[in-house]
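Peer 1: What follows is a protein structure lacking sequence information:
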């Protein structure tokens, strides 16, 4: 809702004007494929929205590192409150067995429909022969509605 001329603005409204930024970049262990929809250890953010309809922007980076001949696509995705949202960060190794490596990013803009406590996390699917290294991360910014 807009702030109108002559309106008395509350402290609570002013607090919601400032975006809140969170970062999870301390992956505690590398993951080794094959895996399907695996939580990345340490890449999880608990956050609270004060109003329904808050908007978040997020960036993930997945550090894919093949260690052998790769058996297909690997991907990372943002999950919010137990559900995958938006696009995947996708990696597929070219010809050869090792030597390729990619820090693959993806960006998100989502609306959080309800006020309250929420969880955002990085979830990956790894094909055979691919590791997710410890240089992966999640950056999340919450914009509240006034």
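Peer 2: On my side now, so go ahead. Everything quoted here is computed from the prediction, not taken from an experiment.

Peer 1: Surely residue 34 touches residue 71?
Peer 2: Yes. Counting by Cβ atoms under 8 Å, residue 34 does reach residue 71; the two are 7.2 Å apart. Where you see a C-beta, it was placed from the backbone N, CA and C, and this is true even at glycine.

Peer 1: which residues do these two both contact?
Peer 2: Common neighbours of residue 34 and residue 71, counting by Cβ atoms under 8 Å, 6 or more residues apart in numbering, are 127, 128.

Peer 1: any idea which strand is longest in this protein?
Peer 2: strand 35-49 (DSSP state E).

Peer 1: what stretches of this structure score poorly on pLDDT?
Peer 2: 1-2, 15-16, 95-99, 146 (pLDDT under 70).

Peer 1: What residues sit buried inside stretch 80-93?
Peer 2: By 16 or more other Cβ atoms under 10 Å, the buried positions in stretch 80-93 come out as 80, 88, 89, 90, 91, 93.

Peer 1: sorry, back to before: what angle separates whatever helix or strand comes next after the longest strand of the chain from strand 35-49?
Peer 2: The helix or strand immediately downstream of strand 35-49 is strand 54-66, counting by DSSP states H and E. Put simply, strand 54-66 runs at 150 degrees to strand 35-49, going by axes from the mean of the first three to the mean of the last three Cα atoms, to 10 degrees.

Peer 1: Partner strands of strand 54-66, with direction?
Peer 2: If you go by DSSP bridges, strand 54-66 pairs up with strand 102-112 (antiparallel), strand 130-132 (antiparallel), strand 137-143 (antiparallel).

Peer 1: Out of those, the one nearest residue 6 is which?
Peer 2: Closest approach to residue 6 among the strands paired with strand 54-66 is made by strand 137-143 (25.2 Å; Cβ to Cβ).

Peer 1: OK, contacts around the residue lying closest to residue 72 once chain neighbours are set aside?
Peer 2: Excluding the flanking residues, the one nearest residue 72 by Cβ to Cβ, 6 or more residues apart in numbering is residue 127, at 4.2 Å. Listed by Cβ under 8 Å, 6+ apart, the contact set of residue 127 reads 33, 34, 70, 71, 72, 73, 74.
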